[in-house]
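1. Turn this into a structure:
(2 chains)
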Amino acid sequence: MNTSADNAIVRLEDVHLSFGQTHVLKGIDLTVNKGDAVSIIGPSGSGKSTILRCINALVQPQSGRITVGGTRVDQLSKESERIALRKRVGIVFQQYNLFPHLTVLDNIVLAPTRILGADRREAEKLARELLDKVRLAEKADAYPGQLSGGQQQRVAIARALAMKPELVLFDEVTSALDPETVGEVLWVIRDLIRDGMTSILVTHEMRFAEEISDTVVFTENGRIIDHGSPEQIFHTSDNPRIRQFVGGLSGGRGAVRDGEGI
Amino acid sequence: MQDMNLSDLFVSLTSRIGLNYEFLATGYESQIWRDGFVTTLYLVALLIPVSLIFGLLFAACLTSGKLWLSSPVRGFVELTRNTPTLVQLMFSFLVLNTFVSNLVGGAQNNPLTPFFWVVAVVGLHIAALHAEAIRAGIEAVPASTIEAARGIGFSQFQILRYVEVPLAFRASLPAIVNNLINLVKLTTVGNAIAVSEITYASIMVWTQRDNVVSLMIAILLFFSIINLIVARIGLWVERKLAVPGYGI
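-> From the prediction side, this is the model:
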């Protein structure tokens, strides 16, 4: 269906969204190419997470076009169509949101077997491979409550990957973690991106965004203020607001993470 | 000793401490009394699953977010919770049952027995209490957990089936066990419409034998034992389903 010459897998055009009286997105344009990693940065409340939820049809914008791999997401009217889309788009949340009553393995196996109708044995095999990938092979039989935050988040990533998604959305996945465990989660995401997984990340980890992104998008107050290569956004932007934001968070090039989160 | 069977031994031993179980030696009254135990056990065995199935159904309706599903169930829950079960049973048997009889052209054609009405009234009454407990459990499932399930691609029903109900059931289990213990005791309302459960059967015996205390002791022991077992099983299930790190 998607015959356009470009390589876009996600395209947002002039997306507007309000929750009641609150205008959250005020005309978002964003293009993500297959295999790219795009980081969305910006102050809290600027609409970053809402952009991800639009792409996954968890919320419906009032106007604008959203295209994901040939599907016009803004035109989906039936829940079954949205479900079909969500099977193709993985999402990982800030609070991990694992199913607390299921073991790590069952958390990963549940969706492929129940939604995709995968064979239990094959789903388990894939789940163990994914656990290996996120370096938690030995935790297959543990319950989420027995894992640290960083471990739970890595399981959540494995759970999203088990659906073999075309792209994965990461919604501030390290914001709830202590500084020491942030690294283990970022490592896993870095691996994924290197393997070519199309990823859109909402993040406050400036150093990480700079390192792994093909494109960085800066949002404020429901609009995209600027986008470009990490070099452009983090170092050569002439927008004083962006300079102030990235300067205040990362301390500029070569900053160590200790400087963050004051 | 040879021709003295166990019930004779029991009668002679208990008579030494002033209790009167002589009727056990007779065929007829002894049979009524034994059937009473069986009927009560039968009621309990039937009512527990009936109440649980309808409780789950009611809870699903209450939390469906669809007014045409939730409002009739809400109305029923309020009605059955706020009125005496004995009155509900009498109303069902004397009014609804008569209505059904008239509808099918006479009581002889009415397939609904007093036993049916006890199961229906007590079962749905306890189901309403289960539903409230399960509803509270479903509403306690964090919105973020449900959003994650939606984000993965689960349908509304799948979320209920694989996420909400398993979590809600764990949270509401202590309340459900409490309801079941009440249910066991509530089977005795059957005697108001001549269902020959154990209290009805006992009344039949003690009006002839004047042995109220002897039979009371048996009744109290009987119900205590059933409920001890129900509570034990409940505790066992609770432990079996306990999830590490999930606050129950």
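2. what about chain B, any weak spots by pLDDT?
-> B:1-4, B:246-248 (pLDDT under 70).
3. What parts of it come near chain A?
-> B:142, B:144-145, B:147-156, B:158, B:162-163, B:166-167, B:170, B:241, B:243-246 (CB under 8 Å from any CB of the partner chain). Every residue, glycine included, has its C-beta placed from N, CA and C.
4. Throw together a ChimeraX command that grabs the buried residues out of those.
-> Selecting only the buried entries of the residues of chain B next to chain A in ChimeraX, with 16 or more other CB atoms under 10 Å in any protein chain shown as the criterion:
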select /B:145,147,148,149,150,151,152,153,154,155,158,162,163,166,167,170,243,246
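5. How about chain B: which residue is closest to chain A?
-> B:Gly245 (1.4 Å; CB to the nearest CB).
6. just checking, that residue touches A:Pro100?
-> Yes. Using CB atoms under 8 Å, B:Gly245 is in contact with A:Pro100, at 6.9 Å.
7. shared neighbours of the two, anything?
-> When CB atoms under 8 Å, 6 or more residues apart in numbering or on different chains defines a contact, the residues bordering B:Gly245 and A:Pro100 alike are A:Tyr143, A:Pro144, A:Gly145.
8. what's near enough to touch the second one?
-> Shown here is A:Pro144, whose contacts under the criterion CB under 8 Å, 6+ apart are A:Tyr96, A:Leu98, A:Phe99, A:Pro100, A:Leu102, A:Val104, A:Asn107, A:Gln152, A:Val155, B:Gly245.
9. in chain B, which spans are strands?
-> Applying DSSP state E to chain B gives no strands.
10. biggest helix in it by residues?
-> helix B:27-62 (DSSP state H).
11. what's the answer for chain A, then?
-> Max-length helix for chain A by DSSP H is helix A:179-194.
12. Mind checking what helix or strand follows it in sequence?
-> The helix or strand immediately downstream of helix A:179-194 is strand A:198-202, counting by DSSP states H and E.
13. Could you list every helix and strand in contact with that following strand?
-> Applying 3 or more CB pairs under 8 Å, 6 or more residues apart in numbering or on different chains; DSSP states H and E, one finds that strand A:198-202 contacts strand A:8-19, strand A:22-33, strand A:37-41, helix A:48-55, strand A:167-171, helix A:179-194.
14. what number of residues lie near A:Glu205?
-> Neighbour count of A:Glu205, defined by other CB atoms under 10 Å in any protein chain shown: 26.
15. Look up which helix or strand the residue lying closest to it once chain neighbours are set aside falls in, please.
-> Computed as CB to CB, 6 or more residues apart in numbering or on different chains, the closest residue to A:Glu205 that is not its neighbour in sequence is A:Thr174, at 5.9 Å. Taking DSSP H and E as the definition, A:Thr174 sits outside all helices and strands.
16. tell me the contacts of B:Gln158?
-> Contacts of B:Gln158 by CB under 8 Å, 6+ apart are A:Arg114, A:Ile115, B:Ala149.
17. residues from the stretch 1-150 of chain A in reach of chain B?
-> Residues of the stretch 1-150 of chain A lying near chain B (CB under 8 Å from any CB): A:56, A:58, A:79-80, A:83-84, A:86-87, A:90-91, A:93, A:95, A:97-101, A:110-111, A:114-115, A:142-146.
18. again but with the stretch 151-262 of chain A, I slipped
-> A:Ala156, A:Arg159, A:Ala160, A:Met163.
19. quick one, what contacts A:Arg86?
-> A:Asn56, A:Ala57, A:Leu58, B:Arg150, B:Gly151, B:Ile152, B:Gly153.
20. ok, the spatially closest residue to A:Val188 that is not a sequence neighbour - contacts?
-> Of all residues not flanking A:Val188 in the chain, A:Val134 sits nearest, at 5.0 Å (CB to CB, 6+ apart). Residues near A:Val134 by CB under 8 Å, 6+ apart: A:Arg154, A:Val155, A:Ile157, A:Ala158, A:Val188.
21. now do 6 Å
-> For A:Val134, the contact set (CB atoms under 6 Å, 6 or more residues apart in numbering or on different chains) comprises A:Arg154, A:Ile157, A:Ala158, A:Val188.
22. Check A:Asp141 too.
-> If you count contacts by CB under 6 Å, 6+ apart, A:Asp141 has them with A:Thr103.
23. Just to be sure, it is in a strand?
-> No. A:Asp141: not assigned to a strand; according to DSSP: H, G, I helix; E, B strand; the rest coil it is coil.
24. Just give the closest residue to the closest residue to chain B within chain A, not the sequence neighbours.
-> The nearest approach of chain A to chain B comes at A:Gly145, 1.4 Å away (CB to the nearest CB). Distances taken as CB to CB, 6+ apart place B:Gly245 nearest to A:Gly145, at 1.4 Å, with adjacent residues excluded.
25. Was I right to think that neighbour contacts A:Leu147?
-> No. Using CB atoms under 6 Å, B:Gly245 is not in contact with A:Leu147; the gap is 8.2 Å.
26. Just put the residues of the stretch 151-262 of chain A next to chain B in CSV and tack on distance to B:Ile217 and secondary structure.
-> Shown next, in CSV, are those (distance: CB to CB, whole Å; DSSP: H, G, I helix; E, B strand; the rest coil):
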residue, distance to B:Ile217, secondary structure
A:Ala156, 59, helix
A:Arg159, 58, helix
A:Ala160, 63, helix
A:Met163, 63, coil
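27. So which residue is dead centre in chain B?
-> Taking CA atoms, centre = their mean, the centroid of chain B lies closest to B:Leu183, which sits 3.3 Å from it.
28. what's the neighbour count on the residue nearest to that one when sequence neighbours are not counted?
-> What sits nearest to B:Leu183 in space, not counting adjacent residues and going by CB to CB, 6+ apart, is B:Ile126, at 4.6 Å. A count of neighbours around B:Ile126, defined by other CB under 10 Å, yields 26.
29. my guess is B:Ile126 meets B:Ser51, correct?
-> Yes. Using CB under 6 Å, B:Ile126 is in contact with B:Ser51, at 4.0 Å.
30. where's the residue of chain B closest to chain A relative to B:Gly65, distance?
-> Between B:Gly245 and B:Gly65 the computed distance is 30 Å (CB to CB, to the nearest Å).
31. With A:Arg154 instead?
-> According to CB to CB, A:Arg154 and B:Gly65 sit 34 Å apart.
32. and if you look at A:Ile83?
-> 17 Å.
33. of the two, who's got more company?
-> More neighbours surround A:Ile83 than the other of A:Ile83 and B:Gly65, with 19 against 8 (other CB under 10 Å).
34. Tell me who's in contact with the residue nearest to A:Glu205.
-> Counted by CB under 6 Å, 6+ apart, A:Thr174 has contacts A:Val182, A:Val185, A:Glu205.
35. can you rerun that using 7 Å?
-> By CB atoms under 7 Å, 6 or more residues apart in numbering or on different chains, the contact list for A:Thr174 reads A:Val182, A:Val185, A:Leu186, A:Glu205.
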